[in-house]
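>>> Turn this into a structure:
(one chain, ligands or ions: 1)
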Amino acid sequence: MSLTLTGVTLTYPDGGSRLTALDQVTLDVPRGSLTAVVGPSGSGKSSLLAVAATLVSPDAGTVTVDGTTTTGMTRGELTDLRRRKIGIVFQHPSLLPALSAREQLQVMAWIDGRSPARARARAMELLDAVGLAPEAERRPHQLSGGQRQRVNIARALMNDPTVLLVDEPTSALDHERGAAVVGLLTRLTRLQGTATVLVTHDRGHLTGADQIAEVHDGRLRSGTRRELRQACT
Ligand SMILES: Nc1ncnc2c1ncn2[C@@H]1O[C@H](COP(=O)(O)OP(=O)(O)OP(=O)(O)O)[C@@H](O)[C@H]1O
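Predicted structure coming up:
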């Protein structure tokens, strides 16, 4: 297993009491597989992603990333773990306007202290993997919304993460472009061997998922598509 949440409970302050956003959530995401997280607005999907990303510490339960349990780690250790092991794709691509697609990726390696030549080669390899090699020298305003999201995904893979966390990558795209981005994520998951978690509102995007996790009021029900269909009938 590459990403494991065990009995994770997360609460937020809510007036004088606490609101339970995640309630005893247990989830295993093996490498090379994609888990889609679905559920109504406010059910806890973003909270689940934030805990998996080690950006928020749970009140109870454990998060294990590539064999390392994060409980008790200092902020510095968590930052280091995130840099080495976790790729995060946010809903809206936050690309730097002045940089080309290639440079957006290389910045990640520069932060990590990698050699410029290796970083450039890896950036081109990933842009090729997301079908954007011909657009490598274009800046964000010269790319379509779907292309920008693909740069965003390629950038998250620059540090060869074992865990890839993706939050609603298709919300700004029409169904067809959204489906293309999800198809790409599925392929990259297999190719790069990442343990991928994809939060999505669009149930039409679930076809490539190995596992579907349904969140309702902070509780999780997970299974394969067939298991969930049977449980719902
Ligand atoms: N920082 C916070 N402080 C207090 N309550 C919060 C905070 N973040 C989220 N919540 C609450 O926790 C619950 C789960 O929120 P979360 O954002 O995880 O849901 P979601 O499924 O991602 O929703 P959406 O699909 O609308 O993005 C909601 O009731 C929300 O109001």
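
>>> need the longest helix for the chain.
helix 175-192 (DSSP state H).

>>> Remind me which helix or strand residue 64 belongs to.
strand 60-65 (DSSP states H and E).

>>> Walk me through which strands that strand pairs with, and which way each runs.
Strand 60-65 pairs in its sheet with strand 3-14 (antiparallel), strand 68-69 (antiparallel), by DSSP bridges.

>>> SS state for residue 23?
Secondary structure assignment for residue 23 (DSSP: H, G, I helix; E, B strand; the rest coil): strand.

>>> That one against residue 9, yeah?
Yes: contact criterion Cβ atoms under 8 Å: residue 23 and residue 9 qualify, at 5.9 Å. Every C-beta, even on glycine, is put in place using the N, C-alpha and C of the backbone.

>>> thinking again about what came up before, packed most tightly, which of the strands paired with strand 60-65 would that be?
Counting by mean count of other Cβ atoms under 10 Å, strand 3-14 has the highest mean neighbour count of these, with a mean of 17.

>>> follow-up on the earlier one: and the longest helix of the chain, how far out from the chain middle?
Centre-to-centre, helix 175-192 and its host chain are 12 Å apart (Cα atoms, centre = their mean, to the nearest Å).

>>> again, but for stretch 46-56
10 Å.

>>> buried set for it?
Across stretch 46-56, burial judged by 16 or more other Cβ atoms under 10 Å covers 46, 47, 48, 49, 50, 51, 52, 53, 54, 56.

>>> Between all of these, which two are separated the most?
46 and 54 (14.5 Å; Cβ to Cβ).

>>> thinking again about what came up before, what is whatever helix or strand comes next after the longest helix of the chain packed up against?
Next along the chain after helix 175-192, taking DSSP H and E as the criterion, comes strand 195-199. On a contact count with 3 or more Cβ pairs under 8 Å, 6 or more residues apart in numbering; DSSP states H and E, strand 195-199 meets strand 17-29, strand 33-38, helix 45-52, strand 163-167, helix 175-192.

>>> Take the ones you listed and lay them out in a markdown table including mean pLDDT and distance to residue 113.
Below are these laid out as a markdown table (pLDDT from 0 to 100; distance: least, Cβ to Cβ, whole Å):
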| stretch | mean pLDDT | distance to residue 113 |
| --- | --- | --- |
| strand 17-29 | 96 | 29 |
| strand 33-38 | 94 | 30 |
| helix 45-52 | 95 | 26 |
| strand 163-167 | 95 | 21 |
| helix 175-192 | 87 | 21 |
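
>>> Which residues does the longest helix of the chain contact?
Contacts to helix 175-192, defined as Cβ atoms under 8 Å, 6 or more residues apart in numbering, come from residues 32-34, 129-131, 145-146, 149-150, 153, 157, 160, 164, 166, 169-170, 173, 194, 196, 198, 200, 202, 204-205, 208-209.

>>> Residue numbers of the chain in contact with the ligand?
12, 19, 21, 39, 41, 42, 43, 44, 45, 46, 47 (Cβ under 6 Å from any ligand atom).

>>> ok, for the second one, nearest residue in space, not its chain neighbours?
Right, the one you point to is residue 19. Once flanking residues are discounted, residue 19 sits nearest to residue 12: 5.0 Å by Cβ to Cβ, 6 or more residues apart in numbering.

>>> And residue 120, by the same measure?
residue 106 (6.1 Å).

>>> Just confirm the one you found is within a helix.
Yes: counting by three-state DSSP, residue 106 is located in a helix.

>>> now it: how far from residue 176?
30 Å (Cβ to Cβ, to the nearest Å).
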